[in-house]
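Colleague: Below are the sequence and a predicted model for it; my questions follow.
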Amino acid sequence: MPSLSDVHHPHHHLHLEFESVRELPESHAWPTLHDHPCVSEPVPVIDLADPKAAEFMARACVSWGAFQVTGHGVAPRLLEAIDSEMRRLFALPIQQKLKAARPPDGISGYGLVPISSFFAKLMWSEGFTIAGSPLDHARKLWPHDPDQFCDVIERYDQVMKALAGRLITLMLLSLGLRHEELEWAGQTGKLLPDLAGVLRLNSYPACPDPDRAMGMAAHADSSLLTILYQSSTSGLQLLRAEDQNGPARWVTVPPLPGALVVIVGDLFHILSNGRFKSVVHRVVVNRSQQRVSVAYFSGPPAGVRVSPIGKLVGPGRAPAYRAVTWAEYLGLKRKLFDKALATIEMPEES
Ligand SMILES: C=C1C[C@]23C[C@@]1(O)CC[C@H]2[C@@]12CCC[C@@](C)(C(=O)O1)[C@H]2[C@@H]3C(=O)O
Ligand SMILES: O=C(O)CCC(=O)C(=O)O
Ligand SMILES: [Fe+2]
């Protein structure tokens, strides 16, 4: 058994120069990779131009907590540009990347995901989180030319914010909200149109022992929803709970050229009073190819509390969750990880 201090301070190889590692270090060998079988099942693919898109989204959010979206209008060139900026970033020497390290209590910067502290083993990945302007970080990474990176990040951020607004609008309409009720879906302020967003760039290097390595440990996102770009290399898996089709299992989300993955986060789970399910997902790695991904976490504006929409709470019933802001919920996630959602559940009224 690892002691608690090992869990919280796994200093060995905290930041690997992955490309130079020929054998998986013990610090990165996970015992829990084969907890459930990996199976193939068709993850819903929804064309945003389809007049029935909202209806299909509702169905996917109820039964999967995720779907792939096409017809979203994001320019393929923008996806190519961020893909190539990510590869340029992660190819920098580790000392250079650490100049832009995320401070322990901060959000932005290079480094491990916050939930790393809950695991005895390290993940086979590295990443970079951006909240707000990327300029300060880009100056540390590329002192002579920070602009190329910043331009792509800023364009991507704008486009994702608009897409998140469209998706959230359709999802709320599909839950039976009327147009004039939409922007007030937040409890203490307007949810739309001023959504907040955080970007995370992820890299999963090719791995000498993929059957024992974890790209990203199983988790649910705290966001309302997450829009994920994944390069053409697979690795993302969704956890399907036990149902009439079989026991709990991991289902791979196959990369579809031009498609984006939409993942329901805990805050939409709360907003929809548990109708839309935040889905547990993880990333596995492979022997031959680096995989990159960009997650855009979309959440309510700062200070706006999210609670179950009144219409979705049955007559004479209490809402299933209490109201939280995104910041408050992120704090709970950092402290309690997978127990965070349960701590804001409200007792059933009898
Ligand atoms: C806004 C954020 C969501 C996130 C924490 C973060 O500050 C940036 C990284 C996000 C991420 C990605 C991997 C899993 C996760 C639980 C984590 O530790 O970092 C999520 C966080 C989240 O959704 O709570
Ligand atoms: O890389 C991926 O496909 C998923 C990453 C992820 O789950 C996250 O950043 O929250
Ligand atoms: Fe995630």
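Modeller: That came through, no problem. Numbering: from 1, shown residues only. Ligands and ions are numbered 1, 2, ... in the order given.
Colleague: Return the set of buried residues in stretch 288-302.
Modeller: Neighbour counts using 16 or more other C-beta atoms under 10 Å place 290-301 of stretch 288-302 among the buried residues. Where C-beta positions appear, they are placed from N, C-alpha and C, glycine not excepted.
Colleague: same question, stretch 79-87
Modeller: Neighbour-count burial for stretch 79-87, counted by 16+ other C-beta under 10 Å, picks out 79, 81-83, 85-86.
Colleague: re earlier: turn the buried residues of stretch 288-302 into TSV, columns for secondary structure.
Modeller: Output for those, formatted as TSV (DSSP: H, G, I helix; E, B strand; the rest coil):
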residue	secondary structure
Gln290	coil
Arg291	strand
Val292	strand
Ser293	strand
Val294	strand
Ala295	strand
Tyr296	strand
Phe297	strand
Ser298	strand
Gly299	strand
Pro300	coil
Pro301	coil
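Colleague: is it true that Val261 touches Leu236?
Modeller: Yes: applying C-beta atoms under 8 Å as the test, Val261 and Leu236 come out as touching, 6.8 Å apart.
Colleague: what sits in contact with each of the two?
Modeller: By the contact definition C-beta atoms under 8 Å, 6 or more residues apart in numbering, Val261 and Leu236 are jointly contacted by 228, 230, 253.
Colleague: Can you select the buried ones from those residues in ChimeraX?
Modeller: Buried members of the shared contacts of Val261 and Leu236, defined by 16+ other C-beta under 10 Å, are picked up in ChimeraX with:
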select :228,230,253
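Colleague: that older thread, check the buried residues of stretch 288-302 against ligand 1, which are close?
Modeller: Among these, the ones lying near ligand 1 by C-beta under 6 Å from any ligand atom are Phe297.
Colleague: Which single one of the buried residues of stretch 288-302 is nearest to Leu330?
Modeller: Leu330 has its nearest neighbour among the buried residues of stretch 288-302 in Gly299, at 8.5 Å by C-beta to C-beta.
Colleague: where does the stretch 251-350 of the chain dip in pLDDT?
Modeller: Counting by pLDDT under 70, the ranges of the stretch 251-350 of the chain that qualify are 349-350.
Colleague: try it again with 80
Modeller: Flagging of the stretch 251-350 of the chain using pLDDT under 80 yields the residue ranges 348-350.
Colleague: And for the chain?
Modeller: Filtered on pLDDT under 80, the chain yields the residue ranges 1-14, 180, 182-189, 348-350.
Colleague: which bits of it sit near ligand 2?
Modeller: So the chain meets ligand 2 at 200, 202, 216, 221, 228, 230, 236, 281, 283, 293, 295 (C-beta under 6 Å from any ligand atom).
Colleague: Return the member of the residues you listed nearest to Gly73.
Modeller: Looking at those and their distance to Gly73, the nearest is Leu228, at 16.7 Å (C-beta to C-beta).
Colleague: Report the contact partners of the closest residue in space to Leu239 that isn't next to it in sequence.
Modeller: Nearest-residue entry for Leu239: Val280, 4.1 Å, with adjacent residues in sequence omitted and distances by C-beta to C-beta, 6 or more residues apart in numbering. By C-beta under 8 Å, 6+ apart, Val280 lies in contact with 218-220, 238-239.
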